[in-house]
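In: next comes the sequence, and after it the predicted model I'd like to discuss.
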Amino acid sequence: MNTWNQVYDPFGSPWLSTLAASLPVIALLGMIASGKVKAHIAAVLSLVLAFCVAVFLFGMPADLATRASGYGIALGLFPIGWIILNVIFLYRLTVEKGWFATLQQSVAGITTDRRLQLLLVAFAFGAFFEGAGGFGTPVAVTGAILIGLGFSPLAASGLSLIANTAPVAYGALGAPIAGLASVTGYDPYILGAMIGRQLPFFSVLVPFWLICVFAGFRGMLQIWPAILVCGGSFALAQFGISNYVNPWIVDIGAALVSMGALVLFLRFWRPAVIWTSPALRGNDPSIGYVTTVDGPKAAAATRTATSSEILLAWVPWIILSVIVAIWGTKFFKDIVDPIFIWNYPVPGLHNVIMKVPPVVATAHPEPAVFKFAYMSYTGTGVLFAAILSGLLMRFSPWRLVTAYIETIWVLRYSLITISAMLALGVLTRYAGVDATLGLAFAGTGILYPFFGTLLGWLGVALTGSDTASNVLFGGLQKITSEQLGLSGILMASANSSGGVMGKMIDAQSIVVASTATGYFGQESKILRFVFWHSIVLACLVGGLVMLQAYVYPFNAMVIHP
């Protein structure tokens, strides 16, 4: 079979080649930010542009580009779209039965302060789902809960995205670290420990940042003790588990510690001023926006719920948490995957494309195997949780079927968007377009620790996944850092730590957020809201890595658990 070697500088000019490589990303973000092009149309048009760039500018054979795009569409539906579809299905069932309104009462029973609700739901609860499922699950769940609690659509969408940053590097039971280890050859325990010496600083900072964005600086100062308890307990647990236990359960353990510490703290402390506004401080264009998530049969609580009703209202989400946690374990996957998995090497694409130096040390073929692990997908676990919860809520089997069809119809444009986004990311990866952008960052010399961190940010912004970014750029980080006399472990870890800040602006996550909150069609507002937060936080991570590289180099010597 003939192979095709990736070309990283088709014009013989790094500047021109980098500009060409960036065209699909610029077009995608530009169309979304303009607000004049629907997200699903922008995604499809950007995919077409990426196809043209890959074929006509980077010399990729058209049949390979077509197969890579189809492969990406499949990856968009499974596992990403599969998760979103089933999470929203569960949410709509709880809304229709009125249990979600009761859950709102229970959260308000812990605290009526909107800022504290954000800490509990968006940061701590979201971190648990990031650790257990990842791949869009936390934004889908927390966005839906926040919109149900009465937060404005932009607040629910944007703040869920900002909150889902510091836990991302350990998401889906450490999948990003496993991916990073696979392409660098480094011990995943050492990588996890190094990341655990970077992200805890931001686990403390992000909750303060989150509340400041929502309520302003003065509103943040009014509850600083609670923020410190929430973020500080998470950071300490994150550091301890990552450095002395393992990198697989960091998020789940830290999230449970954070939630427990905050709930316990709120039994003895209350803010002097209760913040009841569900809108963003200042201008919030989403006030009064009628969301589409709940559907016409949404029920509302008309009286104070009893303790037994509150307990029942939490049962679907407890079932979801337990099942997702089990579904993400290696033990469970080892049982079901040998039976319920279909490995499909994509014909004409698998091992046909060669990744070549300087992106890798030696040339090697790029695999393209669609692993249809339909039983161990997180989305499948969510579907089981939704069905169990639906039967518990006494929905008839027929109503469950019709409600599922209704959910598919509600999410039709979102599923198209997510599929097109993944197709774009996969196509640019196989075309070598992403590597061209990476090489531009790699040529920054002494500033490489800073720009290498931003490379991870760019990778997640492009692919929507810290795992994908690590697989894409992990080898490049190792090679470049060793050439510059830097710690390869430090820079490989920085790729993942910097990448977490790109999670809030990748188009896939924005669509997940808009879908979960019923704010679909308003992705441009969400992108404009989170964009500068993403850049500033990524630069702060880059500054920390610069300090680790040149001022405190002993931080590169991590402890093996």
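Out: Yep, that arrived.
In: quick one: residue 445 and residue 451, what's the gap?
Out: Applying Cβ to Cβ, to the nearest Å, the value for residue 445 to residue 451 is 9 Å. All C-beta atoms are positioned from the backbone trio N, CA, C, and that covers glycine.
In: so which of those two has more stuff around it?
Out: residue 451 (20 against 8; other Cβ atoms under 10 Å).
In: assess the claim that that one and residue 444 are in contact.
Out: Yes. Applying Cβ atoms under 8 Å as the test, residue 451 and residue 444 come out as touching, 4.2 Å apart.
In: ok, which stretches of the stretch 51-200 of the chain are strands?
Out: Here the stretch 51-200 of the chain has no strands by DSSP state E, counting those that start in this stretch.
In: okay, and for the stretch 451-561 of the chain, where does confidence drop off?
Out: Applying pLDDT under 70 to the stretch 451-561 of the chain flags residues 472, 553-561.
In: go through whatever helix or strand residue 409 lives in and flag the buried ones.
Out: Using DSSP states H and E, residue 409 maps to helix 397-410. Neighbour-count burial for helix 397-410 flags 400, 403, 404, 406, 407, 410 (criterion: 16 or more other Cβ atoms under 10 Å).
In: what is the nearest of the residues you listed to residue 342?
Out: Comparing the buried residues of helix 397-410 against residue 342 with Cβ to Cβ places residue 404 closest, at 22.8 Å.
In: wait, doesn't the closest one sit right on residue 89?
Out: Yes. Using Cβ under 8 Å, residue 404 makes contact with residue 89 at a distance of 5.7 Å.
In: residues contacting stretch 270-281, please?
Out: Contact with stretch 270-281 is made by 111-116, 149-152, 154-155, 158, 213-216, 219, 222-223, 226, 286-287, as judged by Cβ atoms under 8 Å, 6 or more residues apart in numbering.
In: wait, a helix at residue 275?
Out: No. Checked against DSSP: H, G, I helix; E, B strand; the rest coil, residue 275 lies outside a helix; its state is coil.
In: ok, it to residue 287 distance?
Out: Separation of residue 275 from residue 287 (Cβ to Cβ): 16 Å.
In: also residue 277?
Out: 10 Å.
In: what of residue 348?
Out: Per Cβ to Cβ, residue 348 is found 51 Å from residue 287.
In: just give the number of residues close to residue 37.
Out: Look at residue 37: counted by other Cβ under 10 Å, it has 19 neighbours.
In: likewise for residue 92?
Out: For residue 92, the neighbour count with other Cβ under 10 Å is 23.
In: residue 364 now?
Out: 12.
In: go on, residue 167?
Out: 31.
In: residue ranges with poor pLDDT in the protein?
Out: For the chain, the stretches with pLDDT under 70 are 1, 35, 80, 133-135, 183, 290-303, 328, 472, 553-561.
In: try it again at 50.
Out: Applying pLDDT under 50 to the chain flags residues 295-301, 554, 556-561.
In: helices or strands next to whichever strand or helix holds residue 17 in the packing?
Out: Taking DSSP H and E as the definition, residue 17 sits inside helix 14-34. Judged by 3 or more Cβ pairs under 8 Å, 6 or more residues apart in numbering; DSSP states H and E, helix 14-34 is in contact with helix 39-52, helix 412-431, helix 433-442, helix 507-516, helix 523-546.
In: right, so of these, which gets closest to residue 361?
Out: Closest to residue 361 of those is helix 433-442 (Cβ to Cβ; 13.7 Å).
In: and the angle for the closest one with helix 412-431?
Out: For helix 433-442 against helix 412-431, the angle by axes from the mean of the first three to the mean of the last three Cα atoms, to 10 degrees is 70 degrees.
In: and the next element down the chain from helix 433-442?
Out: As assigned by DSSP H and E, the chain's next helix or strand after helix 433-442 is helix 448-463.
In: chain center to the helix or strand just after that next one, what's the gap?
Out: The C-terminal neighbour of helix 448-463 among helices and strands, as given by DSSP H and E, is helix 466-483. Relative to its chain's centre, helix 466-483 lies at 19 Å (Cα atoms, centre = their mean, to the nearest Å).
In: more neighbours: which of residue 275 and residue 287?
Out: Looking at residue 275 and residue 287 with other Cβ under 10 Å, you find the greater number of neighbours at residue 275, namely 21 against 14.
In: and that one, how far from residue 232?
Out: Going from residue 275 to residue 232 by Cβ to Cβ gives 21 Å.
In: one more: residue 278?
Out: Using Cβ to Cβ, residue 278 is found at 26 Å from residue 232.
In: same question, residue 113
Out: 19 Å.
In: go ahead and confirm residue 89 touches residue 383.
Out: Yes. Between residue 89 and residue 383 there is a contact under Cβ under 8 Å: 7.4 Å.
In: so between the two, which is more surrounded?
Out: The neighbour count for residue 89 versus residue 383, taken as other Cβ under 10 Å, is higher for residue 89 (24 against 20).
In: residues in contact with the more buried one?
Out: So residue 89 contacts 383, 386, 403, 404, 407 (Cβ under 8 Å, 6+ apart).
In: among those, which one sits closest to residue 145?
Out: Residue 145 lies nearest to residue 386 out of those, by Cβ to Cβ, at 15.1 Å.
In: the closest one: neighbour count?
Out: The number of residues packed near residue 386 is 28, by other Cβ under 10 Å.
In: what about it, is that helix, strand or coil?
Out: Per three-state DSSP, the local secondary structure of residue 386 is helix.
In: the closest residue to it other than its chain neighbours and residue 84: what is the separation?
Out: In this structure, residue 386 finds its nearest non-sequential neighbour in residue 90, 3.8 Å apart by Cβ to Cβ, 6 or more residues apart in numbering. Going from residue 90 to residue 84 by Cβ to Cβ gives 11 Å.
In: now residue 426
Out: From residue 426 over to residue 84 the distance is 18 Å, taken as Cβ to Cβ.
In: more crowded one of the two?
Out: Neighbour count, other Cβ under 10 Å: between residue 426 and residue 84, residue 84 has more, with 27 against 24.
In: got the CA coordinates for stretch 162-182 in CSV?
Out: The C-alpha coordinates for stretch 162-182 follow below in CSV (Å, rounded to 0.1, in the frame of the first residue of the first chain):
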residue,chain,number,x,y,z
ILE,A,162,-14.6,28.6,33.0
ALA,A,163,-15.1,26.2,36.0
ASN,A,164,-14.2,23.2,33.9
THR,A,165,-10.5,24.0,33.6
ALA,A,166,-8.2,22.9,36.4
PRO,A,167,-9.6,19.3,36.6
VAL,A,168,-9.3,18.7,32.8
ALA,A,169,-5.8,17.3,32.8
TYR,A,170,-6.9,14.3,35.0
GLY,A,171,-10.3,13.9,33.3
ALA,A,172,-11.9,10.6,32.3
LEU,A,173,-9.8,8.8,35.0
GLY,A,174,-6.6,10.2,33.7
ALA,A,175,-7.1,9.7,30.0
PRO,A,176,-5.0,12.8,29.0
ILE,A,177,-2.1,11.6,31.1
ALA,A,178,-2.3,8.1,29.6
GLY,A,179,-2.3,9.6,26.1
LEU,A,180,0.7,11.8,27.0
ALA,A,181,2.6,8.8,28.4
SER,A,182,1.9,6.8,25.2
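In: my guess is residue 340 meets residue 372, correct?
Out: No. With contacts counted by Cβ under 8 Å, residue 340 stays clear of residue 372, the gap being 9.2 Å.
In: quick revisit: which among the buried residues of helix 397-410 gets closest to residue 21?
Out: Checking the buried residues of helix 397-410 against residue 21 by Cβ to Cβ gives residue 410 as the nearest, at 35.7 Å.
In: surely residue 500 meets residue 469?
Out: No. Shown here, residue 500 and residue 469 do not form a contact pair, counting by Cβ under 8 Å, at 9.6 Å.
In: who touches both of these two?
Out: residue 460.
In: follow-up on the earlier one: which of the contacts of stretch 270-281 are buried?
Out: Applying 16+ other Cβ under 10 Å to those flags 111, 113-116, 149-152, 154-155, 158, 213-215, 219, 222-223, 226, 286 as buried.
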